[in-house]
Every structure is written in structure tokens, then in C-alpha cells.
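J.: Fold the following.
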Amino acid sequence: MKTVLITGANKSIGFETARQLLQQGYYVYLGSRDAQKGQQAADQLRADGLDQVEPVVIDVDDPSSINAARAAIGQKTPVLDVLINNAGIHGSMPQTSLETDSRAFRQVFDTNFFGVIDVTQAFIDLLRQSPAPRIVNVTSGLGSLTLHSDPTWKYHAVKPTSYVASKAALNAYTIVLAHDLRDTAFKVNAVDPGYTATDFNNHSGPGTVPDAAARVVKAATLDADGPTGQFYSDDNSPETGISPW
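T.: Numbers count the residues shown, from 1 in each chain. Below is the predicted model:
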């Protein structure tokens, strides 16, 4: 049975990603900052007959919490097949380039960027034990510098500066990580789940959570012929499914 760790999985897209992977036969370590919320999410999945799930406390902003999660999972399995870096924050609004305090930038980067690096590095040894390891970094179309430079893009005017910068940085890390692992069985990709109706945006997005999660799951379950180092986005590039960086 393949194993997967999903950060920020107690609700919304992360929770639905867990559900869909459980339905495909994966054993899911359901990551959550809050132990109670994680347990409630796992109990809900078990109530639906999806019992190969275990909550794991992991706060991606806290290295000690990441290390504790690594130790806990390492005691249960010598192999991790998939890591989905899903946890993310938007940051307080409004966000402008000239008025947003640098401390606000750091707060968003701690979760959306540095947290991904810390989690990936903490679990890379378990991932290396898998014959087909997959890393999925959940990003946003707002992280595309090419699209932000295009005045005809549908989201051109949407520029929450710290969030945009953090996701652009995450995309850059994804490119380099995929390059560093290019001669291995790893597949490392960034996935934009699309503008989805969740608590993250006060349910303003037109997309559905199941559709968004399916995009993440697709990258998590790529076969040996699948690509690596890509930026998937059905929302911004419906024809190809690949977004410009």
C-alpha cells in the first residue's frame, strides 16, 4: 500500500485530496496544525468507510513540529511514496508592494515557501525509499510571473503582493528541486488547483473542491512516464494544462 503525507489536510482541498487518494487505496497521513481538527477530519473519513487514514500534527511554520511529525511517521513506515505540500496562507489584506510591512511578507513566506522547504528536506529520506516517489507543491496561478506581466490575463489586476511573491518563490523552488532530482525516479511538480470556492477566499471562487483536489491527485499519482518540473494549471491554461512560469 502506498503512503502519502498531506499538509494542511484537515479541510477544503487538502481534505478532499486525502479522500480521493484513500479511494485509490493509499494510506494517508493527514497533516494538521491542530490535533483536534486533524482527528475530527480523520474520524469523518473513517465514518465514510475510508479507514486507512491517520492524523499527524504538523505545523509547517515550526521546525520542531516538522521534526516530531517526521519521527512519528518514521516509526510507522520506512517509506513515504508521496508528499503533498498543501498547507498555505493568504496573509492579511490588503497587500500592496509599497505598504505591506516586510513582517507580513515573512509570515506568508514562512508557511508558503520556507515551510515547504523544511517539510521536503525532513521527509526526503523516507521518499527516497519509494520506488516511485512523488512531490506535489500546491501553488497558485497567481505565482506565474509571465501571466502577471500580461495585461490581458483574466487575473491581471489581482496582485496580493506577499502571496504572489511567496507562490512565485515556491514555483522557483519546485523547478530547482525537480532539477536536483532529475536522475532519480522522483516526479516533482507544482499544481494550481484553480480559483476554488473555499474558506481561503470566502467561497468566492467558481471552481469546486472535488475538481481542485483531482488536479492535485493527478500529479500525485503520475506513472513512470509522467513529467517532472512542470507547473500544472487547468484554470489558466485549459488547452494544455501547463501554465507558464
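J.: Tell me which residues touch the nearest residue to residue 182 once chain neighbours are set aside, please.
T.: Leaving aside its chain neighbours, residue 182 sits nearest to residue 228 (7.2 Å; criterion: C-beta to C-beta, 6 or more residues apart in numbering). Placement of C-beta: from N, CA and C, glycine included. Neighbouring residues of residue 228 by C-beta atoms under 8 Å, 6 or more residues apart in numbering: 178, 181, 182, 186, 187, 188, 189.
J.: Most neighbours of all these, which one?
T.: For the contacts of residue 228, the largest neighbour count, defined by other C-beta atoms under 10 Å, is 27 neighbours, found at residue 188.
J.: Return the distance of it relative to residue 7.
T.: 16 Å (C-beta to C-beta, to the nearest Å).
J.: Then residue 29?
T.: Noted for residue 29: a distance of 10 Å to residue 7, by C-beta to C-beta.
J.: next SSE after the helix or strand harbouring residue 15?
T.: Using DSSP states H and E, residue 15 sits within helix 12-23. Using DSSP H and E, the helix or strand that follows helix 12-23 in sequence is strand 27-32.
J.: May I see the buried residues of the helix or strand just after that following strand?
T.: Remark: after strand 27-32, the chain's next helix or strand is helix 35-47, criterion DSSP H and E. By neighbour count with 16 or more other C-beta atoms under 10 Å, helix 35-47 contains the buried residues 38, 39, 41, 42, 45.
J.: any chance of these in CSV, with pLDDT and distance to residue 219 too?
T.: Below are the buried residues of helix 35-47 laid out as CSV (pLDDT from 0 to 100; distance: C-beta to C-beta, whole Å):
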residue, pLDDT, distance to residue 219
38, 98, 23
39, 98, 27
41, 98, 22
42, 98, 23
45, 98, 21
